[in-house]
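Show me how the following folds:
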Amino acid sequence: MDLEVAYGSGPAERTRLIRTPHGRLEYLRTQELLRRFLPARARVLDVGGGTGVHAGWLAADGHDVHLVDVVADHVSQAATLPGVTAEVGDARRLGVPDGAFDVVLLLGPLYHLVDGADRARALSEARRALRPGGVLAAAGISRYLSLLETGAGGTLTASRVAPVREVISTGAYDGHAGFVATHWHTAGELREEVGAAGFSQVEVFGVEGPAWPALDAAGLGRFGDLVDSALRAARIVERDPRVVETSAHLLAVARRAG
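This next block holds a predicted model:
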């Protein structure tokens, strides 16, 4: 499905990270992880940055943020944020100079690019846009998201067993639990793709940790009571290879080599 159509006909992208408890947890943990690795007052390229959910707070933190997104309406909304510039563009063909940024964010493109060659091109473009030693932060969706979401939510019906098994086995998600068809990663696969694109010091973190299905089951009304515990759980196992993929999202952090 064309992303302009998909995002234009679905729930508003600007509210994605506040509609559900696990979305709110994802937002808080993404902030936490990015702040851990970003240099002070960085030049940040936010590729696939949507309506500027992250670009807005990054600019408020003092960073110089330029956002690129394939959806024109997203770009129009992002461009209204203080300290943020924005343009329509494709992660595989960025219209930015070589080495112009201290940080490149790919917080959406890698799962929307279902073909491995396209993901490789997006990572290559991110590397080109970074200065030597610059920071890449690239997000993936865990292959176990649907299993945990449908299993905990009581929606793992007999008809969904096969597609859940398929996405765990291959990474090919067909939209059976909502959202558009996408590619979902294992931590090892995400690490390998980033490393193969010429990045070094690649680390993969679990974003939400293992408690996010419980937050969703409890509902938004209990979020304030439960979030601190969920955040602590996420931090404890954020790099534990045995449970890192219980997070709904993975975040690879790396540096441009050379």
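
For stretch 246-254, buried residues please.
Of all the residues in stretch 246-254, those buried under the rule 16 or more other C-beta atoms under 10 Å are T246, S247, A248, H249, L250, L251, A252, V253, A254. (Each C-beta comes from the backbone N, C-alpha and C, glycine too.)

hmm, what's the outermost residue in this structure?
Relative to the centre of the chain, and counting by C-alpha atoms, centre = their mean, the farthest-placed residue is A158 at 29.5 Å.

of all the buried residues of stretch 246-254, which comes closest to L94?
A254 (17.5 Å; C-beta to C-beta).

Is that closest one in contact with G133, as I believe?
No - counting by C-beta atoms under 8 Å, A254 does not reach G133; the two are 10.9 Å apart.

tell me the helices in this protein, going along the chain?
Assigned by DSSP state H, the chain shows helices spanning 3-9, 21-37, 53-60, 72-78, 109-112, 116-129, 145-153, 161-170, 187-196, 212-218, 223-236.

Mind checking which of the buried residues of stretch 246-254 are in strands?
Mapping these onto strands (DSSP state E) picks out H249, L250, L251, A252, V253, A254.

now, which of the residues you listed sits nearest L220?
The closest of these to L220 turns out to be H249 (C-beta to C-beta; 19.2 Å).

bridging residues for the closest one?
Beta-bridge pairing for H249 (DSSP bridges): I141.

Make 275 the starting number, not 1.
Sure, I'll start counting at 275 from here, so that last one is H523.

where does the stretch 325-474 of the chain have low pLDDT?
Across the stretch 325-474 of the chain, not a single residue meets the criterion (pLDDT under 70).

Run through the residues that contact G322.
Neighbour list for G322: V342, D343, V344, A365, L380, L381, G382, P383, H386 [criterion: C-beta atoms under 8 Å, 6 or more residues apart in numbering].

Equivalent analysis for S503, please.
The contact partners of S503, taken as C-beta under 8 Å, 6+ apart, are A485.

What distance do you get for it to L299?
S503 is 11 Å from L299, where distance means C-beta to C-beta, to the nearest Å.

what sits in contact with each of the two?
Common neighbours of S503 and L299 (criterion: C-beta under 8 Å, 6+ apart): A485.

residues near the closest residue to R417 other than its chain neighbours, how many?
In space, and not counting its chain neighbours, R417 is closest to W458: 4.5 Å by C-beta to C-beta, 6 or more residues apart in numbering. Residues contacting W458 under the criterion other C-beta atoms under 10 Å number 26.
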